[in-house]
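Q: Have a look at this fold, sequence not included:
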């Protein structure tokens, strides 16, 4: 699979490494020029290339967005139309400008900016060092990566690479219900856990 990555910080860079090691081709971008990513691309190897944001969006069958939430309006809606977009962003009111979502989840806000994209909330609940080091080929030892979205097929597509990099995908529901459960402050946010524990906690979240 071709995977575009917008954002080369801790989550974006580590996801790129994991996807590439699993055999996927990745095009990674940041807010600067592609040349600024040359050392990262060289480290990852032959399955990785540097790109502009627009190029990464166009390249990917799936596109991971791992940028500060406050920059979501910079995402290229035209290039992301009809793409499966993984929203790995988090809104932190104390870090970013105060926003009134009008009752929407942060992922629903991004979906409003990308109305033709097939948005899936994932990769936002796990600390990047856990993502980098805790993937396991043993199903008994796998930690959970949560997935939310309104498109069942898109969630299944995103769950494939999650499984391939050694984590267990767990569906939390729609962008409204599940996406809200995955936001900072939730009992499942930034808490490494097994599949069994994840379902136990989710059953208690309204």
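A: Sure thing, it's come through. Predicted model, so just to flag it, every value in this text is computed and none were measured.

Q: Please enumerate the helices of the chain.
A: With helices called from DSSP state H, the chain shows them at 10-21, 38-44, 53-59, 77-80, 106-113, 128-133, 152-164, 177-181, 195-202.

Q: The shortest one packs against which elements?
A: If I follow you right, that is helix 77-80. When contacts are defined as 3 or more Cβ pairs under 8 Å, 6 or more residues apart in numbering; DSSP states H and E, helix 77-80 sits against helix 53-59. Where you see a C-beta, it was placed from the backbone N, CA and C, and this is true even at glycine.

Q: try the first one
A: The criterion is 3+ Cβ pairs under 8 Å, 6+ apart, and the helices and strands that helix 10-21 contacts are strand 2-6, strand 25-29, helix 38-44, helix 128-133.

Q: The ones you listed into CSV, with extra columns for distance to residue 85, mean pLDDT and mean neighbour count?
A: Formatted as CSV, the helices and strands packed on helix 10-21 follow (distance: least, Cβ to Cβ, whole Å; pLDDT from 0 to 100; neighbours: other Cβ atoms under 10 Å):
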stretch, distance to residue 85, mean pLDDT, mean neighbour count
strand 2-6, 9, 98, 26
strand 25-29, 14, 98, 25
helix 38-44, 21, 97, 14
helix 128-133, 19, 97, 15
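
Q: Can you say which of the ones you listed is nearest to residue 117?
A: strand 2-6 (12.0 Å; Cβ to Cβ).

Q: Distance check, residue 31 against residue 53.
A: 7 Å (Cβ to Cβ, to the nearest Å).
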